[in-house]
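Trainee: need a 3D model of the sequence below.
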Amino acid sequence: MTQANGGLPALHEVFRDAFKMGAAVSMDVLSAQAPFIAKHFNSITAENVMKPEEVQPQEGIFTFDAADRIFEFAKANQIAVRGHTLLWHNQTGDWMFRNSEGEPCTREQLLGRLQTHINAVMGRYRGQAYAWDVVNEAIEDKSDQYLRETKWLEILGEDYLREAFEIAHQADPGALLFYNDYNETDPVKRDKIFKLVRSLLDQNTPIHGIGMQAHWNIYGPTIDEIRSALELYASLGLRIHITELDLSMFRFEDQRADLKAPTVEMLKLQEERYAEIFAVLLEYRKAIDSVTFWGVADDYTWLDGFPVRGRKNWPFLFDEHQQPKASFGRLADLAASL
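Mentor: Numbering: from 1, shown residues only. A predicted model of the protein is given here:
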C-alpha cells in the first residue's frame, strides 16, 4: 500500500490531482468520527438533515441547527460542502402541496412555497456550498414513462424542473447546480436523464451538472455501462459529480441475511470493483469534479437493513473500525501510478 510520512495517506490527498473526495454524514457519525472525516475527506454532504422536511417541517418553520453544525465543521476544517437536496418527491412535508382546507394547492401557491424554501435554504448558506442537488430523482424507472408521477409534476407540470433551477440560480449565482438521480447507468433511464438535461439546456436553464448517485454493488453495473453513461453525460458539456457512491456486497434482489461479516471472496471482488470503477472515473477526470461516498465507513450505512431488514452491509473503503480495507490500498496505488 502507498504510504505517506510512515502512515496512511488521506483519501482526498490520494486523489488531489483528480477530484474532491466526499462523504455523506449524519449527525451521529459527524459527532463520533469528526477527526477521521476531517483527515480523509475534503467534501461533505448532509445525508438527511438538509432535505426539505428536515429544514422546513411546517410552513414557515425552519430548523437549521443540524445543517449549521455541518457548515461549521466544514469551515473549521477547510472542507467543501455539497447541498442536498432542494426539491424531491420524498421527505417533503405534505403541507407543501395542500391549501388551508387540505385540498391540493394552486400552481401559484406551490411555486411561491418552492421559491420561499429555496431562498431560505440557499440564502442561509449562500457562498458556503460549492454545489447543490437542486432536483432529485424526477425520472421514472419504468421504461414506458418519462417523468416520475409526483405532486410537483401534477400541480406544476414539467416546467417545475426549469423553475427550480431558475430560483436556485437567483438565490446563489455562484453555486453549481445539479440534477441528481439513481440507476443512472441503466440504458433506458440513462437516456431519459440525458433527454431531461438536454431539454433544460435547450431552454437556457442554469444547470451545471449531473449527479450520478452510484448506488452500485460488487456485481454490477458493468464497467461498460458506467463508461457509456459517463460518455453520454459528458457530451452535454456539463460537470459530473458522483454523489452517493457505495458498493453493496449483495445484488439488490439477493435476500440472504445469514452473513455476520463479508466473505473473503466478497472483499476481493469489492477490491477489484473499486479499482475498475476508479480507473474509469480517472479516465473522465476532466469532466468529474467530485466523488462522494454515501457514508464514511462500514460501521454505519443506509444499506444496513435495506432492502433486507436486519441485514448488515459493508460497502465502503474503511471497515467497521475505520481501518482501511484492501480496496483503499488498490485505489492509492492506482492514483500513484498516474
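
Trainee: against E13, how distant is the nearest residue in space to E184 that is not next to it in sequence?
Mentor: Ranked by CB to CB, 6 or more residues apart in numbering and with sequence neighbours excluded, the top spatial neighbour of E184 is M212, at 4.5 Å. No exception for glycine: its C-beta is placed from N, CA and C like everyone else's. The spacing between M212 and E13, counted by CB to CB, to the nearest Å, is 24 Å.

Trainee: more neighbours: these two, which one.
Mentor: When M212 is set against E13 and neighbours are counted by other CB atoms under 10 Å, the residue ahead is M212, at 29 against 15.

Trainee: could I get the phi/psi values of that one?
Mentor: phi -100, psi 110 (degrees, to the nearest 10).

Trainee: surely it touches A229?
Mentor: Yes: between M212 and A229 there is a contact at 6.9 Å, judged by CB atoms under 8 Å.

Trainee: show me how far stretch 156-170 is from its chain's centre.
Mentor: Its chain's C-alpha centre lies 20 Å from the corresponding centre of stretch 156-170 when counted by CA atoms, centre = their mean, to the nearest Å.

Trainee: my bad, stretch 240-256
Mentor: Its chain's average C-alpha position is 13 Å from that of stretch 240-256, according to CA atoms, centre = their mean.

Trainee: buried stuff in the helix or strand containing Q170?
Mentor: Remark: Q170 resides in helix 160-171, with elements defined by DSSP states H and E. Taking 16 or more other CB atoms under 10 Å as the basis for neighbour counts, the residues of helix 160-171 that come out buried are Y160, L161, R162, E163, A164, F165, E166, I167, A168, H169, A171.

Trainee: from the residues you listed, which is closest to N217?
Mentor: Sorting those by distance to N217 puts L161 at the head of the list, at 29.4 Å, by CB to CB.

Trainee: now the closest one, nearest residue through space, not along the chain?
Mentor: Leaving out its chain neighbours, L161 is closest to V135 (CB to CB, 6+ apart), at 5.7 Å.

Trainee: can you give me the helices for this structure?
Mentor: Using DSSP state H, the helices of the chain run over 11-14, 27-40, 52-55, 65-76, 107-124, 151-156, 160-171, 187-202, 223-234, 264-283, 326-336.

Trainee: residues of stretch 227-245 that come out buried?
Mentor: Burial within stretch 227-245, assessed by neighbour count using 16+ other CB under 10 Å, is assigned to 229-230, 232-234, 236, 238-245.

Trainee: tell me the mean pLDDT for it?
Mentor: For stretch 227-245, the mean pLDDT works out to 98.

Trainee: cool, and stretch 85-95?
Mentor: 97.

Trainee: same question for stretch 275-295.
Mentor: For stretch 275-295, the mean per-residue pLDDT is 98.

Trainee: how far off centre is that stretch?
Mentor: Centroid separation between stretch 275-295 and its chain, computed with CA atoms, centre = their mean, is 13 Å.

Trainee: rewinding a little: overlap of the contact sets of M212 and A229?
Mentor: Jointly contacting M212 and A229 under the rule CB atoms under 8 Å, 6 or more residues apart in numbering are E184, T185.

Trainee: touching, A23 and T45? I think so.
Mentor: Yes: the pair A23 and T45 passes the contact test of CB under 8 Å, sitting 7.4 Å apart.

Trainee: give me the common contacts of the two.
Mentor: In terms of CB under 8 Å, 6+ apart, A23 and T45 are both contacted by the residues T292.

Trainee: coming back round to it: closest one of the buried residues of helix 160-171 to F71?
Mentor: Closest approach between those and F71, by CB to CB: A171, at 15.9 Å.

Trainee: so how far is N48 from the residue lying closest to that closest one once chain neighbours are set aside?
Mentor: Nearest residue to A171 in three dimensions, chain neighbours excluded: M122, at 3.8 Å (CB to CB, 6+ apart). Distance of M122 to N48, computed by CB to CB: 18 Å.

Trainee: what of A275?
Mentor: A275 sits 30 Å away from N48 when distances are taken as CB to CB.

Trainee: same thing with M96?
Mentor: Using CB to CB, one gets 17 Å for the distance from M96 to N48.

Trainee: L338: how many residues sit nearby?
Mentor: The local packing count at L338 equals 9, with neighbours defined by other CB under 10 Å.

Trainee: got it, and R309?
Mentor: Around R309 sit 8 other residues, with neighbours defined as other CB under 10 Å.

Trainee: if anything else comes up later, I'll come back, but that's it for now.
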